[in-house]
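Student: Here is my input, please return the structure:
(2 chains)
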Amino acid sequence: MRFLTVSGPPSSGKTSVILRVIEALQARRHKIGVVKFDCLLTDDDALYAKKGVLVKKGLSGALCPDHYFVSNIEGCVTWGKENDCDYLISESAGLCNRCSPHINDITAVCVIDNLSGVNTPRKIGPMLKSADIVVITKGDIVSQAEREVFASRVKQVNPGAVIMNINGITGQGAFELTSLFESASDIDTLKGKTLRFSMPAALCSYCLGETRIGEEYQTGNVRKMDMEDNK
Amino acid sequence: MRHETLYQQPLTATLAEHPYIEDFLSSFGLTVTVSNNSLEHYLDQLNPDLLEDLGLSREQLNRSLDDFLNGMLALRKPLDKIESLTIIGGRNKSGEEEHVELTLQPGEVTCIVGPTGSGKSRLLADIEWVAQGDTPTGRRILINDQVPDSQWRFSTEHKLVAQLSQNMNFVMDLTAEEFIQMHAESRLVTNPQEKVAHILEQANLLAGEQFRPDTPVTALSGGQSRALMIADMAFLSKSPIALIDEIENAGIDRKKALNLLIREEKIVLMATHDPILALMGDRRLVIKNGGIAKVIEANETERRNLQRLEEMDNQLLALRNRIRSGETLEQL
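Tutor: Predicted coordinates:
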């Protein structure tokens, strides 16, 4: 089973891009499974189900979404395998820019959009910087020059990645992206694999449900900002 | 490939030759203190805790820097010259063969006509992807009569195709001058100042209404944006093929715009139903049901009508200007 992790900032177009790729994969008669990770609520599972693919939805609720992802992804792979999927795609949003679901030896895709601004690529951490494929969306809305500038900014922070422009609405570029999916990592299990980068840690009183503000309530892994003015 | 000298010589020398390394490091949140120590030394002394906070590992940084340097050095190399682009037909949506083999040369304009949904975009995408029978149409694209290197598909430095789409919005909060400057820097052009000034000047020649270098790009009119992007495409983009999606009704001098691209020796493909642009082209590809149904070569009889069409167009343009300046049209 070919397995890929797809991630990207909220509203960057992850679901649209995956849907367009699914259409192309289905035309080649492949069985596809999608795992959609989100925090509070998602209706995207219905969009996937409508395409006739197998869907699993995971809502992290009160937990850190990326920690929730990594504790569940192995089970998802087993689920996809048991259901005889040819392809399994996991979709998760990178909410804090420092976290990343990408796994060593598993094809990693990051979706980012042209409207997010030229400084956004440098603000996103390993989710973008360690991806194998970077998909840039919403190119139809901006000019050619702006697309080029944006792509060069992405290239600067992840020079080794394949960078593609995809239109999630018309599907322009999705066919081409699909041909990259066809050579994605082929695996049976995630046992023994490692994350490409560690996840942000906290383990402080607020992780345990503390709501009060003030020094005396802060215990555990707490870090303070430097409030001294630079002289 | 690793560029050992760059890593071993004093950092001052490396940064003098490759100033963009500093920008590269700063995009990962790192600051460079210039010293006589080497780049290697700088990387070695980075605090692992700092790197972890930045979401970065030493290995990944090393790999990215090598890839980045390879990309930047590739940008400096001149492109192989493209002398021809050949489209070898595949099938239409019903599976019927196209029976087309068409060779396009620099300086030629090919118009693509056909109703919405007929497959114009697919043709443009086949060219951009340098299709080798591996797209739904089964078309093949040759460059200089040969199957090209697949590097064209993914290269961001050497893109085969620059596409001017119908939408011309800007989201960047920059002036026209800063914007073109930023684009020029991303393309590592030599003497960017001069190039930027030239592009702004040419854009103003195309635009119906003048704009200043310090006009924010978000405040440009549709026509001004198009003029700026066409000038930018002609003088900044290294891509030898220009794809244009409809430049009609845009408040710019279409003929001058097209001539600018032809003069820069680009192979121009243009989806258009504008009669003037269509007659200025060397040929028209008629797209139906996903396939190239017909190729119409430009002929003299049609071309003779171009002058009349231009007169009609100028009349309309004059009326437009009268409306703009607050006149009435009781007398045409």
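
Student: Give me the residues contacting whichever strand or helix holds A:Val17.
Tutor: Counting by DSSP states H and E, the element that carries A:Val17 is helix A:14-27. Helix A:14-27 is contacted by residues A:6-8, A:32, A:34, A:36, A:44, A:47-48, A:51-53, A:86-87, A:89, A:91, A:93, A:111, A:135, A:137, A:166, A:168-169, A:171, A:174-175, A:177-178, A:181 when judged by C-beta atoms under 8 Å, 6 or more residues apart in numbering or on different chains. No exception for glycine: its C-beta is placed from N, CA and C like everyone else's.

Student: Now it - C-alpha only, PDB.
Tutor: Extracted C-alpha coordinates of helix A:14-27, given in PDB (Å, rounded to 0.1, in the frame of the first residue of the first chain):
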ATOM      1  CA  LYS A  14      -5.300  20.400   1.200                       C
ATOM      2  CA  THR A  15      -8.700  18.700   0.800                       C
ATOM      3  CA  SER A  16      -9.300  20.200  -2.700                       C
ATOM      4  CA  VAL A  17      -5.900  19.000  -3.900                       C
ATOM      5  CA  ILE A  18      -6.400  15.500  -2.500                       C
ATOM      6  CA  LEU A  19      -9.900  15.300  -4.100                       C
ATOM      7  CA  ARG A  20      -8.400  16.200  -7.500                       C
ATOM      8  CA  VAL A  21      -5.700  13.500  -7.100                       C
ATOM      9  CA  ILE A  22      -8.300  11.000  -6.000                       C
ATOM     10  CA  GLU A  23     -10.200  11.500  -9.200                       C
ATOM     11  CA  ALA A  24      -7.100  10.900 -11.200                       C
ATOM     12  CA  LEU A  25      -6.200   7.800  -9.200                       C
ATOM     13  CA  GLN A  26      -9.700   6.400  -9.500                       C
ATOM     14  CA  ALA A  27      -9.500   6.800 -13.200                       C
END
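
Student: buried set for it?
Tutor: Judged by neighbour count (16 or more other C-beta atoms under 10 Å in any protein chain shown), helix A:14-27 contains these buried residues: A:14-22, A:24-25.

Student: Of the contacts of helix A:14-27, just the buried ones, PyMOL syntax please.
Tutor: What follows is the PyMOL syntax selecting those of the contacts of helix A:14-27 that are buried according to 16+ other C-beta under 10 Å:
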select buried, chain A and resi 6+7+8+32+34+36+44+47+48+53+87+89+91+93+111+135+137+166+168+171+174+175+177+178+181
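
Student: Mind checking which of the contacts of helix A:14-27 land in helices?
Tutor: A:44, A:47-48, A:174-175, A:177-178, A:181 (DSSP state H).

Student: Confidence-wise, which of the residues you listed comes last?
Tutor: Minimum pLDDT for the ones in helices among the contacts of helix A:14-27 is recorded at A:Phe175 (85).

Student: which residues does it contact?
Tutor: Listed by C-beta under 8 Å, 6+ apart, the contact set of A:Phe175 reads A:24, B:125, B:135-136.

Student: top of these by neighbour count?
Tutor: Within these, B:Ala125 tops the neighbour count with 25 neighbours, counted by other C-beta atoms under 10 Å in any protein chain shown.

Student: for stretch B:262-277, how far is the first residue from the last?
Tutor: From its first residue to its last, stretch B:262-277 covers 13 Å (C-alpha to C-alpha, to the nearest Å).

Student: Could you give the average pLDDT over that stretch?
Tutor: 87.

Student: Now do the residue in chain A that chain B sits nearest to: how many residues are near it, please.
Tutor: Going by C-beta to the nearest C-beta, chain B is nearest to A:Gly125 of chain A, at 3.0 Å. Neighbour count of A:Gly125, defined by other C-beta under 10 Å: 23.

Student: so what's it closest to, chain neighbours aside?
Tutor: Nearest residue to A:Gly125 in three dimensions, chain neighbours excluded: B:Gly55, at 3.0 Å (C-beta to C-beta, 6 or more residues apart in numbering or on different chains).
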